[in-house]
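Colleague: No letters, just coordinates:
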């Protein structure tokens, strides 16, 4: 039996909305990708199926690590080919967005000063370190 990993499905639509599904365990990424595509195919049959729906409604669909949001497999868009550089770039972009969101809602004292963002508190450093693992 292969190693068990937890994944999520990331959707980036043409309106720049990003949705990340619930985490679930898999042992085979190829099988998981086929199942995800089959589910999209079924749900988008009304508009011509998976490929037509992707071209019309999505910029990207990817399988990501449930904990780190690192892109494990790109299913549609954003350089579908297995280029590690595109995975790293996508992962770094998601990390940057997560850090910006954390800064806005950080529990440190700076959030009580109107319009100020957290920059280098211990909570931010801990959060950033967790994203890098």
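Modeller: Now that the structure is in, tell me what you want to look at. Quantities reported herein were computed from a predicted structural model and do not represent experimental measurements.

Colleague: mind listing what residue 54 touches?
Modeller: Going by Cβ atoms under 8 Å, 6 or more residues apart in numbering, residue 54 touches 40, 61, 76, 77. Placement of C-beta: from N, CA and C, glycine included.

Colleague: any idea how far residue 47 is from the second one?
Modeller: When Cβ to Cβ, to the nearest Å is applied, the distance between residue 61 and residue 47 equals 15 Å.

Colleague: picking up where we left off before, buried among the contacts of residue 54? Make that a ChimeraX selection.
Modeller: To isolate the buried subset of those in ChimeraX, counting by 16 or more other Cβ atoms under 10 Å, use the following:
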select :40,61,76
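
Colleague: Looking at the contacts of residue 54, which are in helices?
Modeller: Using DSSP state H, residue 40 are the members of those that sit in helices.

Colleague: By pLDDT, give me the weakest of the contacts of residue 54.
Modeller: The pLDDT minimum for the contacts of residue 54 sits at residue 77, where the score is 83.

Colleague: What's the separation between that residue and residue 11?
Modeller: Relative to residue 11, and taking Cβ to Cβ, residue 77 is found at 10 Å.

Colleague: Name the residues contacting each of those two.
Modeller: Common neighbours of residue 77 and residue 11 (Cβ under 8 Å, 6+ apart) are 58, 60, 61.

Colleague: Does residue 103 lie in a helix or a strand, and which?
Modeller: Using DSSP states H and E, residue 103 maps to helix 84-104.
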